[in-house]
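S.K.: curious how this folds, go ahead:
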Amino acid sequence: MHGKAREQTEIAEEKEIIETSTIKTLLKNKYGNIIQSELKEQLENNIGNTEIEIIDNGNSLVVKFIRSERYYEIDSDGNVSGPIKLIKDKYAGDFTKGGILDGSENKPYQINCIEDLVTFSIATNRGNTELGIIANQFQDQYVILMRTLDFKSIFSYNDYTTKKYGDLNENGIIEDIKTELTNTNSDCIGFTPIAEDFYFSFRGTFDGQNNNIKNIYEKNTSNLGFFGSIQNATIRNLKLDGIISCNETSGNTGGLVGSVRNRKDNKLYSRY
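M.R.: Reported below is the predicted structural model:
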C-alpha cells in the first residue's frame, strides 16, 4: 500500500475508533453527555492507555493518537472532526518574526499564536530581561492579529505544553502555558492585560483584521481589559468573545480597554 493510501486508511481507522467510543460514552451517560473520564475509559478499552491522550479544549475534547501525532476534535454533540494539524510557527513568541518585521505600516508586527500575544503583553508591561523581551509602548507602530485566538483551544498555541514563560498566573507553580492562562482558581491572575499600567500605555495601532480573541481570564489587575491602558492609540477590527474577567481591581475596568488617556487634555477615562 502506497504512503498516501496507508495514511488515509489509518485516519479512517482512528476516526472509527473515536466515533465508536464516543457513541458508547453518550449511551452510557444518563444525561447523554460526553465526560472526559468516561470517554477515556472507552478509548482505553479499544486501544490501550498508552496510545492516546485526551485534552480538554474548552467547549470540546481533543483526542491525540500518540503514535501518529494526529489530533481529532469532538464537539458537545459527539461530532468528530479531523485530523486537525497544530499550526507551527518557527518564530512563535517573536512578533518580529525573526527580525523581518519592524512595526511599520508596511511591515507590521504579527500576532500568529498565543505565544506571540504573551510576548506582546510582556513587552508592553516593561519587558522581561530573562526572556529577552524588550519593553515597548509601540509608539506609532503597527501590530496585526493574523487569526482568531482562543485561550482554551490547543490549536491557538504553537506549543500548548511549553513552560518557557514561567509562572504567568503567579500562583507559585510553573505549569504549561495553556494551564497558566486558563486556570481560574482564586490564586491565579490569568492573562496580564496589554499595557496594564497607564503610565506605560500602548501607543500604537492594533488591527484585529476582524478576528476574535476568545476566553480570556484576568484577575487583580490595575486596569482590567484586553488592553489595560492606551494613549494616542488606534484599535480596530477586533472582536472579543467569551472574556472572563474577575473585577477585583482598584483600577479601571472595561472590555476592550480598561483606561484611555485622552490625547488632548491628558485626562484618564475608564470603561472603554
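S.K.: longest strand in the chain, by residue count?
M.R.: Scanning the chain for the longest strand, with DSSP state E as the assignment, gives strand 205-214.
S.K.: neighbouring strands - and their directions - for that strand?
M.R.: Applying DSSP bridges, strand 205-214 is found paired with strand 142-145 (parallel), strand 149-150 (parallel), strand 234-241 (parallel).
S.K.: hey, least reliable of these by pLDDT?
M.R.: Taking each of the strands paired with strand 205-214 in turn, the lowest mean pLDDT turns up on strand 234-241, with a mean of 91.
S.K.: just the strands from the stretch 51-200 of the chain, written as ranges.
M.R.: Counting by DSSP state E, counting those that start in this stretch, the segments of the stretch 51-200 of the chain that form strands are 52-56, 61-65, 70-74, 80-84, 109-111, 142-145, 149-150.
S.K.: send the alpha carbons of stretch 81-91 over as CSV?
M.R.: What follows is the C-alpha trace of stretch 81-91 in CSV, where atoms were taken according to Å, rounded to 0.1, in the frame of the first residue of the first chain:
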residue,chain,number,x,y,z
SER,A,81,-13.7,16.3,13.0
GLY,A,82,-10.1,16.0,11.9
PRO,A,83,-7.4,15.2,11.8
ILE,A,84,-6.5,18.7,12.8
LYS,A,85,-3.0,19.9,12.5
LEU,A,86,-1.4,22.2,15.1
ILE,A,87,-0.1,25.3,13.3
LYS,A,88,3.6,25.5,13.8
ASP,A,89,5.4,28.9,13.8
LYS,A,90,9.2,28.9,13.6
TYR,A,91,9.1,32.2,15.4
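S.K.: one step back: figure out which of the strands paired with strand 205-214 is closest to Leu131.
M.R.: Between Leu131 and those, the tightest spacing by Cβ to Cβ is seen for strand 142-145, at 18.4 Å. (Each C-beta comes from the backbone N, C-alpha and C, glycine too.)
S.K.: I would like the residues contacting the closest one, please.
M.R.: Taking contacts as Cβ atoms under 8 Å, 6 or more residues apart in numbering, the residues outside strand 142-145 that touch it are 95, 103-105, 108-111, 120, 204-209, 211, 213, 238.
S.K.: centre of the chain to that strand, how far?
M.R.: When C-alpha coordinates are averaged (Cα atoms, centre = their mean, to the nearest Å), strand 142-145 and its chain have centres 16 Å apart.
S.K.: one step back: in JSON lines, list the strands paired with strand 205-214 along with mean neighbour count.
M.R.: JSON lines is the format used below for the strands paired with strand 205-214 (neighbours: other Cβ atoms under 10 Å):
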{"stretch": "strand 142-145", "mean neighbour count": "21"}
{"stretch": "strand 149-150", "mean neighbour count": "22"}
{"stretch": "strand 234-241", "mean neighbour count": "14"}
